[in-house]
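*Asks:* Have a look at this prediction, sequence included:
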Amino acid sequence: LYRKTQALAAINHTLEVEVTQRQHAEEALRRANNELAMRVQQRHPNLPRANSALRESEARMQASEAHLRLVADHASIFIAHIDGDHRFKFVNRAYAERYRLPREKIIGAHVADITGRAAYETFRPRLDEALTGQRVEFEMEIPYATLGARWVQVVYEPERSAQDVVIGVV
């Protein structure tokens, strides 16, 4: 019992030393952290204002996006945004309801996967033409996989990047 008590006391002492060392290390880390924060503040005094402005800008952008979605969802036409790889980037509520699919299932999907291969091949030449940068308007009968044949009037408006490169269509 005496030896066990001595061994336990030695282990306790070792643990106390480790705890003390950790406390010193944590305190040194806190000081270093405070020093770093002070240096950043000295070098970039406008950083808090810039962060605040960025947050405000992001909030305005989210509000603008919500407003745009509200308007698009209440339009009585089908609106879709398609990228250069013929994948959906956006659809309004009417478009999603037409295919009886949630938007999340349409966004990112290839156009042929939603409309059906025959429909896609019917309007693909016009889509490709719009992706060259031309506004394309047409009326035609399209054989949709899930909807059957439908006459549609379509307007493809090219989407351009800041460098004036066509990156999709609406």
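*Replies:* Great, that's in hand.

*Asks:* where's residue 67 relative to residue 119, distance?
*Replies:* According to CB to CB, to the nearest Å, residue 67 and residue 119 sit 32 Å apart. Heads up, the C-betas are built off the backbone N, CA and C, glycines and all.

*Asks:* Neighbour count: those two, which is higher?
*Replies:* Between residue 67 and residue 119, counting by other CB atoms under 10 Å, residue 119 is the more crowded of the two (21 against 10).

*Asks:* And that one, which helix or strand is it part of?
*Replies:* If you go by DSSP states H and E, residue 119 is part of helix 117-130.

*Asks:* List the residues that contact the residue lying closest to residue 132 once chain neighbours are set aside.
*Replies:* The shortest distance from residue 132 to any non-neighbouring residue, by CB to CB, 6 or more residues apart in numbering, is to residue 166 (6.8 Å). The contact partners of residue 166, by CB atoms under 8 Å, 6 or more residues apart in numbering, come to 84, 131-133, 158-160.

*Asks:* Next: residue 152.
*Replies:* Counting by CB under 8 Å, 6+ apart, residue 152 touches 139-142.

*Asks:* What mean pLDDT does the helix holding residue 119 get?
*Replies:* Mean pLDDT, taken over the full extent of helix 117-130, equals 97.

*Asks:* same for that helix, what does it pack against?
*Replies:* Packed against helix 117-130 by the contact rule (3 or more CB pairs under 8 Å, 6 or more residues apart in numbering; DSSP states H and E) you find helix 111-115, strand 136-144, strand 148-156.

*Asks:* hey, which of the ones you listed is tucked in deepest?
*Replies:* helix 111-115 (a mean of 19; mean count of other CB atoms under 10 Å).

*Asks:* Give me the residue ranges of this protein where confidence is low.
*Replies:* By pLDDT under 70, the chain has no low-scoring segment.

*Asks:* Thought residue 136 was touching residue 126, still the case?
*Replies:* Yes: using CB atoms under 8 Å, residue 126 makes contact with residue 136 at a distance of 5.1 Å.

*Asks:* quick one: the longest helix along the chain to chain centroid distance?
*Replies:* Ranked by residue count, the top helix of the chain under DSSP state H comes out as helix 2-43. Between the mean C-alpha location of helix 2-43 and the chain-wide mean there is a distance of 43 Å, by CA atoms, centre = their mean, to the nearest Å.

*Asks:* Helix 2-43 and the next helix or strand after it, what's the angle between them?
*Replies:* Where DSSP H and E defines the elements, the next helix or strand beyond helix 2-43 is helix 47-73. Here helix 47-73 runs at an angle of 80 degrees relative to helix 2-43 (axes from the mean of the first three to the mean of the last three CA atoms, to 10 degrees).
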